[in-house]
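Engineer: Take a look and give me a structure for this.
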Amino acid sequence: MKRITKLLFVVGLFAFSQSLTAANSGWTNILDVGGNNEGELCTEAIQNAIDKAAEEGGGTLYFPAGDYLTGAIHMKSNTTLHLDAGAVLRFSTNFDHYLPFVQMRWEGTVMNNFSPLIYAYEAENITITGRGKIDGQGKDWWMEMYRIHEADPETLKESKYQKMWTEANVGLETTPNYQKTMRLKFFRPPLIQPFRCKNVRIEGVTIVNSPFWTVNPAFCDNVTITGVTIENPPSPNTDGINPTSCRNVHISDCHISVGDDCITIKSGRDIDGRKWDTPTENVTITNCTMLSGHGGVVIGSEVSGSIRKVTISNCVFDGTDRGIRLKAARGRGGVVEEIRVDNVVMKDIQLEAIVMNLFYDKNTKEGPVTEETPIFRNIHISNVTGSEVNVAGKILGIPEMPIDQISFSNINMQAKEGISIHTATNVELHDVQITTEKGPSVSVTETKGILLDNIKSRRPHANRPVIEMTNVSNALVTNNFPMVSTPNFLKIVGEKSMDIFIQNNQWNNVEEPVIKGNEVKGVSGQ
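Structural biologist: The predicted structure follows:
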């Protein structure tokens, strides 16, 4: 009996010490401070607990298993939301619960708008962690957006939210081509947006049904997003992870399947982006899997603040519309540079596996180079495997600003169509094997300075070459040794094609190695 009594005393003492330790460490159970885990609205209890923790120097708000309904949550410095397994933090579908408006960035423009569902302003050391789920319940937001988009603007009666937006954004400056969007005056909030924060960490949670972009840090420094699952159904603009004008961003071990791009890197749009002039830089993306989505990893099109020093590695894209996509347009401005992509596997890509496109707005016209001219340069892609791909790649510069200093190394793809390079300078392809269902493996047009080193196709076509050049100058075609019977390897046409050197190739399996038009000048070697 004494032994049992002693054991119970020890157990009780241990439990008391654990409770005391938890209390001293600032760990607060939401159920102990007025929260409810049966689906009743508990915004006030959550916000009061966060505010109290911040006043006391920081702490963790703990959500045990259950269903928690809330409006906007504003995190403060040194606070953590911890969602245990089985906990669901469900956000209200009442738009009033995201008032008053706050300063935030929406699609590259800083404005006053609905509060993001989880928001922080100029905070430090904020964390969202655990094995629980965050449900944005975005459907009502999507439906309201559709209603406004599809209505006749002449007869549409403005909602109170649209009137509030107008009053809150007097003098907001945007470019003419964005006025159509601004006239809507209803902008769905991102699910998570820390704004001008430092040391942000999001780890382990599952996030679903975002009203708009899902995880969208803006103007932040030192952001870590790891082990996060994001699942949004086919739905408008429900991107996965979108850092904008952030430094030192680490994205790893995430699984993403969404209604728009899986991961997108941005830095502001047009006039407003150039006004804030804050680049996104020092970004690492690694060990992620992407399923449904418009793009696997995308840079742009909002690049007006510039984007540089980005690595993308060890990722799998399975079923996305595109794989790696860089996009911008005249009017954006900004520089995208120092980009590295390595060790990527793609399958079932509906459109292009790799895209670099400065012609995102097809309605623009060539003009002088100004601050509105976007620049892509110093971009390198290596060790990529693709199967069931529609188009292997598309590189499309603009005449006044060709895409510059790009390379592809050790690329192996099976695609309906090959890679096309149009309006670029200083391009290198090394050890590239693209087997197409139709057309050439590599097509190059209006390009100056290109090295084509060891280009292959496992299934050359009788009526098209493996490599096709049109108006290309200063080119070297070297170290090519077709391993299968090839009707024609290289075709050169165009009056501007010149200074093309062909050397160190083995044509044993090629019927007609080089075909060139009569207009072509300055081709040497064979």
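
Engineer: and residue 372, that's in a helix?
Structural biologist: No: judged by DSSP: H, G, I helix; E, B strand; the rest coil, residue 372 forms no part of a helix; its state is coil.

Engineer: give me the number of residues near the nearest residue to residue 481 once chain neighbours are set aside?
Structural biologist: Closest residue to residue 481 apart from its sequence neighbours, by C-beta to C-beta, 6 or more residues apart in numbering: residue 506 at 4.2 Å. C-beta coordinates here come from the backbone N, C-alpha and C atoms, glycine included. Using other C-beta atoms under 10 Å, the number of residues around residue 506 comes to 12.

Engineer: what's residue 406 in contact with, if anything?
Structural biologist: Neighbouring residues of residue 406 by C-beta atoms under 8 Å, 6 or more residues apart in numbering: 356, 376-381, 395, 424, 426-428.

Engineer: I'd like to know which of the residues you listed are buried.
Structural biologist: 356, 376-379, 381, 395, 424, 426-428 (16 or more other C-beta atoms under 10 Å).

Engineer: Out of those, which is nearest to residue 525?
Structural biologist: When the buried ones among the contacts of residue 406 are compared for distance to residue 525 (C-beta to C-beta), residue 428 wins out at 18.4 Å.

Engineer: The closest one reaches residue 408, doesn't it?
Structural biologist: Yes: assessed by C-beta atoms under 8 Å, residue 428 is found in contact with residue 408 at 7.3 Å.

Engineer: which among the buried ones among the contacts of residue 406 gets closest to residue 347?
Structural biologist: Distances from residue 347 to the buried ones among the contacts of residue 406, taken as C-beta to C-beta, are shortest for residue 381 (17.1 Å).

Engineer: need the contact list for the closest one.
Structural biologist: By C-beta under 8 Å, 6+ apart, the neighbours of residue 381 are 324, 340-342, 354, 406-409, 411.

Engineer: give me phi/psi at residue 181?
Structural biologist: For residue 181, the backbone dihedrals are phi -70, psi -50 (criterion: degrees, to the nearest 10).

Engineer: swap that for residue 92, please
Structural biologist: Torsion angles, degrees, to the nearest 10, at residue 92: phi -60, psi 150.

Engineer: Show the backbone phi and psi for the closest residue to it other than its chain neighbours.
Structural biologist: Nearest non-adjacent residue to residue 92, counting by C-beta to C-beta, 6+ apart: residue 71, 4.9 Å away. The phi/psi pair for residue 71 (degrees, to the nearest 10) reads phi -90, psi -150.

Engineer: which stretch of helix or strand covers residue 165?
Structural biologist: According to DSSP states H and E, residue 165 maps onto helix 160-168.

Engineer: What's the local residue count around residue 170?
Structural biologist: A count of neighbours around residue 170, defined by other C-beta under 10 Å, yields 7.

Engineer: Could you check how far it is from residue 270?
Structural biologist: From residue 170 across to residue 270, the span is 19 Å (C-beta to C-beta, to the nearest Å).

Engineer: can you check residue 427 too?
Structural biologist: From residue 427 to residue 270 the distance is 29 Å (C-beta to C-beta).

Engineer: for residue 449, same thing?
Structural biologist: 31 Å.

Engineer: of the two, who's got more company?
Structural biologist: Under the criterion of other C-beta under 10 Å, the comparison of residue 449 against residue 270 puts residue 270 first, with 23 against 18.

Engineer: Not including adjacent chain positions, what is the nearest residue to that one?
Structural biologist: residue 175 (4.4 Å).

Engineer: got the contact list for residue 365?
Structural biologist: Going by C-beta under 8 Å, 6+ apart, residue 365 touches residue 330.

Engineer: Number the chain from 13, please
Structural biologist: Taking 13 as the first residue, the last one we looked at is residue 377.

Engineer: Residue 343 versus that one, what's the distance?
Structural biologist: 11 Å.

Engineer: Then residue 210?
Structural biologist: Distance of residue 210 to residue 343, given as C-beta to C-beta: 32 Å.

Engineer: what do you get for residue 74?
Structural biologist: The spacing between residue 74 and residue 343, counted by C-beta to C-beta, is 48 Å.
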